[in-house]
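> the sequence and its predicted three-dimensional model are supplied below.
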Protein chains: 2
Amino acid sequence: MKKQFIVIGLGRFGSSLTKTLVEAGHEVLAVDKDIDLVQSMSSIATHAIQADSTDEEVLKELGVGNFSHAIVAIGENLQSSILTTLLLKEMNIPKVTVKAKNIMYGKVLTKIGADQVVYPERDMGIRLGRQLSSDNLIDYIELSPDYNLVELNAPAAMNGYTIQQLDVRAKYGVNIMAIKSADGINISPLAEDKIQTGDTLLIIGANEDISALERKYE
Amino acid sequence: MKKQFIVIGLGRFGSSLTKTLVEAGHEVLAVDKDIDLVQSMSSIATHAIQADSTDEEVLKELGVGNFSHAIVAIGENLQSSILTTLLLKEMNIPKVTVKAKNIMYGKVLTKIGADQVVYPERDMGIRLGRQLSSDNLIDYIELSPDYNLVELNAPAAMNGYTIQQLDVRAKYGVNIMAIKSADGINISPLAEDKIQTGDTLLIIGANEDISALERKYE
Ligand SMILES: Nc1ncnc2c1ncn2[C@@H]1O[C@H](COP(=O)(O)OP(=O)(O)OP(=O)(O)O)[C@@H](O)[C@H]1O
Ligand SMILES: Nc1ncnc2c1ncn2[C@@H]1O[C@H](COP(=O)(O)OP(=O)(O)OP(=O)(O)O)[C@@H](O)[C@H]1O
Ligand SMILES: [Ca+2]
Ligand SMILES: [Ca+2]
Ligand SMILES: [Ca+2]
Ligand SMILES: [Ca+2]
């Protein structure tokens, strides 16, 4: 279903968000007080407008109340984020997501009505940290604080072994859900399927069990 | 295996990265020219030092050549990022990862020796955009440009149906790899297993097939 978004603040985060929403088929009104950023988004966003989002009159003229979801991507200026969030909620936008600099700012934003607070820099710091901590980790989905689904480069020491020979379920309590190779993705691999260098594995399990497996095959 | 990292620039991204690396058991030397940021990291990082990373003498005193991996998390100042990257590569650090403001800066950084360039704000903009585009998407792993593993809130319209009744493999060409419920995670669910409201599904498939499934159960 096509939705109407308004994105306020077209820095690195807000502009990338705008582009992704438009590519997914949604309408996006992109707003920044900086005319250069507005111009650079004019061919990407459905509409791109220069405006100061802390100005109530301006927001009313933009018909802000008709949007289903607003994202406030003003990162550094708490005062502007607060004022903008307050105005948007007063105009009855059902969902307002706000980018915050840190947890303290996030708490303030929640108190004044933000429906969702995001911390992109912190989250990407965690993501990169986890990738660099492991030699093989490509990506992951956190299923619970201690249970993950991970995408791993198959360790060289697994090369040529079958699922049965490795027997990671019995040895480490983790499950190989899929093997991605040059030939495509093998979903629910069989006991006799072989792992080759260059393959990517999708493994589900407790974090400590996945770590134990990784250490073993390092 | 314990590694030695040096993180230069302790903004939101660099400080979160430092914390994650330390929590994973690695040693981190955290550097910023801003003494307040250095102090706030002093109880988290293995060592936290105030220094200007564009000063060659300073880097030598820090024994930078002994680290296996440096991350330059200076976002806004291209000149400082370039100079820092050059110096680190001259001192033979095997791997230097640099945070860049945009693709153009990224190209420059690669040319002068950066081994990896990251764009945290852009990447999180894409991630949030994908989440907001879908009513059910929680997280995902991109396996290839058109093939994803997604974590979805089970759509309300699936409530009470078994895997066999839904038959998403035949109807949409996608596979339900696991069902997460209050009871835990059901890996490789059986034909008779039921989906309940509140469950989370792990589904693997082509992007367009997953989108078709989502639209159907919207
Ligand atoms: N009151 C306002 N009205 C409209 N736009 C604003 C307002 N205040 C700030 N902005 C815009 O928000 C954008 C993002 O703000 P800022 O640069 O402070 O955040 P940031 O966290 O550094 O962003 P990023 O990391 O995404 O690049 C800027 O382009 C700025 O012009
Ligand atoms: N030459 C330098 N030596 C040491 N630290 C530096 C140098 N130049 C910048 N820094 C530090 O790098 C940090 C991050 O830089 P900056 O604020 O420009 O990036 P940013 O992209 O806004 O960061 P973030 O989004 O992670 O908060 C700052 O704390 C700054 O003091
Ligand atoms: Ca900025
Ligand atoms: Ca900054
Ligand atoms: Ca930033
Ligand atoms: Ca990926």
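Right, received. Where do you want to start? Ligands and ions are numbered 1, 2, ... in the order given.
> can you name the residue of chain A nearest to ligand 6?
For chain A and ligand 6, the shortest gap (CB to the ion) falls at A:D139, measuring 3.9 Å. Yep, even glycine has a C-beta here, placed from its N, CA and C like the rest.
> so what's A:L87 up against?
Residues in contact with A:L87 (CB atoms under 8 Å, 6 or more residues apart in numbering or on different chains) are A:S53, A:T54, A:E56, A:L59, A:V64.
> mind picking the two most distant members of those?
Using CB to CB, the contacts of A:L87 span at most 12.7 Å, a distance reached by A:T54 and A:V64.
> show me which of those two is the more surrounded one.
More neighbours surround A:V64 than the other of A:T54 and A:V64, with 22 against 19 (other CB atoms under 10 Å in any protein chain shown).
> just the pLDDT for the more buried one.
A:V64 carries a pLDDT value of 88.
> look up the closest residue to it, ignoring the ones flanking it.
When the adjacent residues along the chain are set aside, A:V64 lies closest to A:M91, with 5.1 Å between them (CB to CB, 6 or more residues apart in numbering or on different chains).
> and A:N102, what are its phi and psi?
In terms of degrees, to the nearest 10, the main-chain angles of A:N102 are phi -160, psi 170.
> list the contacts of it.
A:N102 neighbours (CB under 8 Å, 6+ apart): A:Y119, A:R122, B:R12.
> now do A:T54
By CB under 8 Å, 6+ apart, the neighbours of A:T54 are A:S80, A:L83, A:T84, A:L87.
> count the neighbours of the second one for me.
Applying other CB under 10 Å, we find 19 other residues in the vicinity of A:L83.
> thinking again about what came up before, out of the contacts of A:T54, which is nearest to A:A182?
A:T84 (48.8 Å).
> buried residues in stretch A:32-41?
A:D32, A:K33, A:L37, A:V38, A:M41 (16 or more other CB atoms under 10 Å in any protein chain shown).
> I'd say the last one and A:T18 touch.
Meaning A:M41. Yes. Assessed by CB atoms under 8 Å, A:M41 is found in contact with A:T18 at 6.1 Å.
> next, show the common contact partners of those two.
With CB under 8 Å, 6+ apart, A:M41 and A:T18 have common neighbours A:L10, A:A30.
> which residues of chain A fall in strands?
Assigned by DSSP state E, the strands in chain A fall at A:4-8, A:27-32, A:47-50, A:69-72, A:95-99, A:116-118, A:137-144, A:147-153, A:175-181, A:184-187, A:200-206.
> and the fifth one, does that touch chain B?
Pointing back at strand A:95-99 there. Yes. For a cut-off given as CB under 8 Å from any CB of the partner chain, strand A:95-99 has contacts with chain B, namely A:T97.
> buried set for that strand?
A:K95, A:V96, A:T97, A:V98, A:K99.
> kindly report the same for the third one.
Under the neighbour-count criterion of 16+ other CB under 10 Å, strand A:47-50 has A:A48, A:I49 buried.
> just give me how far that strand sits from the chain centre.
Put simply, strand A:47-50 sits 25 Å off its chain's centre (CA atoms, centre = their mean, to the nearest Å).
> residues of chain A that sit close to ligand 6?
Residues of chain A found near ligand 6 (CB under 5 Å from the ion) are A:D139.
> what do you get if the cut-off is 6 Å, keeping everything else the same?
With CB under 6 Å from the ion as the criterion, chain A meets ligand 6 at residues A:I138, A:D139.
> for chain A, which residue gets nearest to ligand 2?
A:E121 (4.3 Å; CB to the nearest ligand atom).
> grab the nearest non-local neighbour of that residue.
Nearest to A:E121 is B:R12, by CB to CB, 6+ apart, at 3.3 Å.
> with A:A212 instead?
Using CB to CB, 6+ apart, the closest residue to A:A212 is A:Y172 (5.7 Å).
> what do you get for A:S81?
Using CB to CB, 6+ apart, the nearest residue to A:S81 is A:I74, at 4.9 Å.
> got a list of what the one you found touches?
A:I8, A:G9, A:S53, A:S80, A:S81, A:T84, A:K99.
> against A:E61, how distant is the closest residue to ligand 1 within chain A?
Residue of chain A nearest ligand 1, by CB to the nearest ligand atom: A:G75 (2.0 Å). Per CB to CB, to the nearest Å, A:G75 is found 25 Å from A:E61.
> more neighbours, these two?
A:G75 (23 against 11).
> can you pull the pLDDT of that one?
In this model, A:G75 carries a pLDDT of 81.
> then A:A212?
91.
> cool, the one 3 residues further on as well?
The predicted local distance difference test score for A:R215 is 86.
> again, but for A:M124
Looking at A:M124, the pLDDT reads 95.
> neighbours of it, how many?
For A:M124, using other CB under 10 Å, the count is 24.
> look up how far B:N92 lies from it.
Taken as CB to CB, the span from A:M124 to B:N92 is 28 Å.
> equivalent analysis for A:V22, please.
From A:V22 to B:N92 the distance is 44 Å (CB to CB).
> okay but A:I203 is in contact with A:V174, surely?
Yes. With contact defined as CB under 8 Å, A:I203 reaches A:V174; the gap is 5.3 Å.
> chain A: helices as residue ranges?
A:12-23, A:35-41, A:56-61, A:78-90, A:103-111, A:120-133, A:163-166, A:168-172, A:207-216 (DSSP state H).
> next, format these as TSV and append distance to B:Q164.
Shown next, in TSV, are the helices of chain A (distance: least, CB to CB, whole Å):
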stretch	distance to B:Q164
helix A:12-23	35
helix A:35-41	47
helix A:56-61	51
helix A:78-90	45
helix A:103-111	43
helix A:120-133	37
helix A:163-166	25
helix A:168-172	25
helix A:207-216	30
